[in-house]
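A.B. asks: Sequence first, then the predicted structure, then my questions.
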Amino acid sequence: MPPLTLAYRDGDRTPVIFAIREMAKRHDNLAVKIVRIKGGDEYEAALFNGTADIIIEHLEYLYDEAVKGKKISFFCAPSKGGGLDLVVRQHVQSVEELRGKTLAVRSHGQPHAVMLWLRMLGLEKDVTTVIVHDKEVGRWGQWKKVVSGECIATFMSPLYLPAALNAGLKVLSAPDIPIVGHFAQACLAEFARKNSGVMRAYVQSVLRALVWLTYRPHDALAALAPELKAAMDVNDDTELKRRFDAVVGGLKIRPYPTPRAIANTYEIATIEYPAAQGLNPLSLWDLHWVKELDDAGFIDGLVMQLSA
């Protein structure tokens, strides 16, 4: 079976990515080459210039490409929800207290998702947002603007939450805005059509990885830890396990996107790419590999095997 190339941007995705590659190698006779592309323009070009067969995360720009005539298939979405925590100073008791205040938004931390969240809560016109770059405060360090009093709140990834909590901030309960999420994947429709056997094997590997991570996390971490330490820039075993657990806790074993998540992700895309307005977001989704395997009992069989 010919190999395929999977491209990603963020090292925080690697617990899932490395698990997929491991399952493909062990069980599905499929070689998955993994390529990290840090540059935004280079990443967004990867599907179209032959650098990658499949990409994982940051799919919103593909709605804009679809408007231009590109034929694209989104084929799985294993994230449970939005995946961010609202972090505030101790005295803040309600999201209503954000009115008239300033919200710190990480430049690479789903800024348009934050705008959608404000819109859905009726806060869009009453909350000022300030974009904070990692080069100014460190990776996911925009919480420092809340500690200093410059901002009233920010959204944090659970992977980087402890630093904010240790600085005296707290997580405020807030409505979740479901989105397709970090681990959604896409390929060109032409690639899928010409490589149906490869795609089926790959989706099997994705499902195996999700069940393995969920039901045998200790085994998965032990197998992947040496490579994860380098990819996630973590040396401490305890910290690596905490981040690994945070990733795994956000996964679901049946990677169907919810209608609300599809709608929200599409709306986020139109904020960033207004030309995508009017496109039917469902036209990009092709879940038949997941459904065929699910209907055949593939996922249930994996659960029975690994939960025993």
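C.D. replies: Arrived safely, thanks for sending.
A.B. asks: who touches the helix or strand hosting residue 63?
C.D. replies: Residue 63 is located in helix 61-67, with elements delineated by DSSP states H and E. With CB atoms under 8 Å, 6 or more residues apart in numbering as the test, helix 61-67 has contacts from 44, 47-48, 70, 72, 74, 186, 266, 269-270, 272-273, 275-276, 279, 281, 283-284. C-betas here are computed from N, CA, C, even on glycine.
A.B. asks: same thing but 10 Å
C.D. replies: Outside of helix 61-67, the residues that reach it under the criterion CB atoms under 10 Å, 6 or more residues apart in numbering are 40, 43-44, 47-48, 55, 70-74, 186, 188-189, 265-266, 268-270, 272-281, 283-284.
A.B. asks: Looking at these, which are in strands?
C.D. replies: When DSSP state E is applied, the contacts of helix 61-67 are split such that 55, 72, 73, 74, 186, 188 fall in strands.
A.B. asks: how many neighbours does the first one have?
C.D. replies: With neighbours defined by other CB atoms under 10 Å, the count for residue 55 comes to 24.
A.B. asks: May I have the secondary structure class of the nearest residue to it once chain neighbours are set aside?
C.D. replies: Leaving aside its chain neighbours, residue 55 sits nearest to residue 7 (4.9 Å; criterion: CB to CB, 6 or more residues apart in numbering). Three-state call for residue 7 (DSSP: H, G, I helix; E, B strand; the rest coil): strand.
A.B. asks: Ok, residue 108 next?
C.D. replies: Applying three-state DSSP to residue 108 yields a three-state assignment of coil.
A.B. asks: so who does it touch?
C.D. replies: 9, 10, 40, 58, 131, 132, 133, 134, 139, 140.
A.B. asks: By neighbour count, which of those wins?
C.D. replies: Greatest neighbour count in those, by other CB under 10 Å, goes to residue 132: 24 neighbours.
A.B. asks: Return the residues in contact with that residue.
C.D. replies: With contacts taken as CB under 10 Å, 6+ apart, residue 132 has the following neighbours: 104-109, 111, 140-145, 150-151, 154.
A.B. asks: Equivalent analysis for residue 175, please.
C.D. replies: For residue 175, the contacting residues are 82, 86, 95, 117, 120, 121, taking CB under 10 Å, 6+ apart as the criterion.
A.B. asks: Please repeat the previous calculation with a cut-off of 8 Å.
C.D. replies: With contact set as CB under 8 Å, 6+ apart, residue 175 has these partners: 95, 117, 120, 121.
A.B. asks: For it, give its distance to residue 118.
C.D. replies: Distance, residue 175 to residue 118, using CB to CB, to the nearest Å: 11 Å.
A.B. asks: Please enumerate the strands of this structure.
C.D. replies: Listed in chain order, the strands of the chain (DSSP E) span 4-8, 32-36, 54-56, 72-76, 85-88, 102-106, 128-132, 153-156, 170-171, 185-188.
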